[in-house]
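Trainee: Dropping a prediction and its sequence here:
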Amino acid sequence: MKTQFNRFTMLLIVTTLIGVSYTNFKYKAYVPGIALVLGILLTSIHKDNSISHHTKVWSSKTLSYAIILLGFGFNLNNILKAGLAGIGYTIISIGGTLILGLLIGKLLKNDGKISILISSGTAICGGSAIAAINPIIRSSHEETAVAMGAIFLLNAVGLLLFPIIGHQLNLTQHQFGLLAALAIHDTSSVVGSCMSYGQESLIVGTTVKLVRALWIIPVSLIIALMYSKINHNEQSQGKTKKPWFIFWFILASLSVTLFPSLQAIGTHLKELGESFFMVALFLIGYNVSFSSLKSVGTKVLFQALSLWIIVSILVILALKTGFLN
């Protein structure tokens with residue numbers, strides 16, 4: 001009976017989220033955060049393991065589909081321009097974050113593997129980076145779960161908190177897009193916070209974050225080389241998961257750039273992508289419970305939190321001083 005209740009409730013919430021995405025709802029900007037919280041609340045009332053298994057699979061797929069559909073609303077020329085303009089601070093920020101994260105982890109005497117997962121997740125793109133690094137360093141399920149838990153907790157906070165910070169600091173749409181892309185971990189939370197802030201920030205934030213996500217592959221290779229030298233007894237044979245959705249995002253953007261007549265259809269597909277994104281956040285929230293958040297180690301959480309705060313402050317200072325523009 002409870003399983004039927006959960007399925008009906010989830011279907012009702014998903015339908016409502018899609019409907020809200022196509023309306024001029026007064027509080028539409030808060031829907032991404034509401035979707036995430038609804039998922040957490042529903043699973044805290046009653047979590048069904050069979051449903052949870054499917055939501056884990058479909059949250060990842062739905063998010064990928066959402067990002068691909070968002071591509072139909074972006075001009076490829078603008079994406080290339082943003083990518084080339086940001087390559088310098090992308091390299092500096094990724095390298096600096098990795099080094100700083102590992103230093104903090106060493107000071108806290110955190111396990112080396114968890115420290116690498118936290119640092120790479122903060123430096124590149126959260127859960128996706130952790131999933132890619134995991135087979136390379138052969139971290140255990142418990143280590144991966146703890147790192148994921150810490151990063152996801154901060155993602156949820158960032159999704160809700162960053163738009164407030166942006167307004168308090170009077171950041172422009174462009175500035176907030178850069179802040180979200182460089183300081184928020186996962187692409188999903190970047191998109192969600194930028195959608196709350198405005199369309200221009202959504203374009204800037206999504207573009208810069210997706211370009212940043214491409215660095216999963218070279219960073220994974222570097223970590224594999226470094227880790228094999230440090231740990232001679234642990235040879236990594238895992239394969240890096242490739243973010244293929246980025247390729248399809250670019251292809252979608254290319255289609256509307258080369259064929260302007262498709263822009264009207266592209267706008268509707270972009271709106272559908274926003275709806276999918278709301279659903280993905282809800283499904284992600286369903287796999288987070290208050291008990292699972294408690295299982296995140298204090299030192300691990302402190303490493304992730306302190307690294308995140310330092311990176312966020314540095315990005316804000318760079319924006320305010322004109323170093324980033």
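Mentor: Received the coordinates, thanks. Residues are numbered from 1 along each chain as shown.
Trainee: where does V190 land on pLDDT?
Mentor: pLDDT, V190: 89.
Trainee: what do you get for T55?
Mentor: Here the pLDDT value assigned to T55 is 76.
Trainee: cool, and G83?
Mentor: G83 is assigned a predicted lDDT (pLDDT) of 61.
Trainee: Test my guess that L42 contacts L12.
Mentor: No. Counting by C-beta atoms under 8 Å, L42 does not reach L12; the two are 10.6 Å apart. Where C-beta positions appear, they are placed from N, C-alpha and C, glycine not excepted.
Trainee: So for those two, which residue has more residues nearby?
Mentor: Legend: neighbour count by other C-beta atoms under 10 Å for L42 and L12, higher for L42 (20 against 10).
Trainee: Quick one: residues contacting that one.
Mentor: N6, T9, M10, I13, G285, Y286 (C-beta atoms under 8 Å, 6 or more residues apart in numbering).
Trainee: Now restrict these to buried residues only.
Mentor: Applying 16 or more other C-beta atoms under 10 Å to the contacts of L42, the neighbour count classes N6, M10, I13, G285, Y286 as buried.
Trainee: In which helix or strand does I284 reside?
Mentor: helix 263-286 (DSSP states H and E).
Trainee: how about that helix: buried residues?
Mentor: By neighbour count on 16+ other C-beta under 10 Å, the buried set for helix 263-286 is 266, 269-286.
Trainee: any idea of the mean pLDDT for the helix or strand where M10 lies?
Mentor: Secondary structure assignment for M10, by DSSP H and E: helix 2-21. Average pLDDT, helix 2-21: 68.
Trainee: Ok, stretch 258-275 next?
Mentor: The model assigns stretch 258-275 a mean pLDDT of 87.
Trainee: Show me the shaky parts of the stretch 1-150 of the chain.
Mentor: In the predicted model of the stretch 1-150 of the chain, residues 1-8, 18-30, 32-33, 79, 82-86, 131-132, 135, 140-142, 145 satisfy pLDDT under 70.
Trainee: Which parts of it are helices?
Mentor: Assignment of helices within the stretch 1-150 of the chain using DSSP state H, counting those that start in this stretch yields the ranges 2-21, 31-45, 49-70, 76-85, 87-107, 112-123, 127-137, 141-168.
Trainee: Can you tell me how far F276 is from L63?
Mentor: Distance, F276 to L63, by C-beta to C-beta, to the nearest Å: 8 Å.
Trainee: Pull the distance from stretch 274-284 to the chain's centre.
Mentor: Centroid separation between stretch 274-284 and its chain, computed with C-alpha atoms, centre = their mean, to the nearest Å, is 12 Å.
Trainee: Give me the residues contacting it.
Mentor: Stretch 274-284 has contacts (C-beta under 8 Å, 6+ apart) with 10, 13-14, 17-18, 20-22, 31-32, 35-36, 38-39, 55, 58-59, 62-63, 65-67, 69-70, 152, 159, 188, 191-192, 195.
Trainee: Filter those down to the buried ones.
Mentor: Using 16+ other C-beta under 10 Å, the buried ones in these are 10, 13-14, 17, 20-21, 31-32, 35-36, 38-39, 55, 59, 62-63, 65-67, 69-70, 152, 159, 188, 191-192, 195.
Trainee: how about the buried ones among the contacts of L42, which pair is most distant?
Mentor: Maximum pairwise distance among the buried ones among the contacts of L42 (C-beta to C-beta): 13.5 Å, between N6 and G285.
Trainee: Roughly how far does the residue nearest in space to the middle of the chain sit from I151?
Mentor: The chain has D186 as the residue nearest its centroid, 1.2 Å off, counting by C-alpha atoms, centre = their mean. Relative to I151, D186 is positioned 8 Å away (C-beta to C-beta).
Trainee: Also T16?
Mentor: From T16 to I151 the distance is 28 Å (C-beta to C-beta).
Trainee: out of the two, which sits in the busier spot?
Mentor: For T16 versus I151, the count of surrounding residues by other C-beta under 10 Å is larger for I151: 27 against 15.
Trainee: so the more buried one sits right up against G121, yeah?
Mentor: Yes. Here I151 reaches G121: they are 4.6 Å apart, a contact under C-beta under 8 Å.
Trainee: Find residues that contact each of the two.
Mentor: Listed as contacting both I151 and G121 by C-beta under 8 Å, 6+ apart are G127, I130, H185, A304.
Trainee: Neighbours of the second one, how many?
Mentor: Look at I130: counted by other C-beta under 10 Å, it has 27 neighbours.
Trainee: give me every residue that touches it.
Mentor: Here I130 is in contact with L117, S120, G121, T144, A147, M148, I151 (C-beta under 8 Å, 6+ apart).
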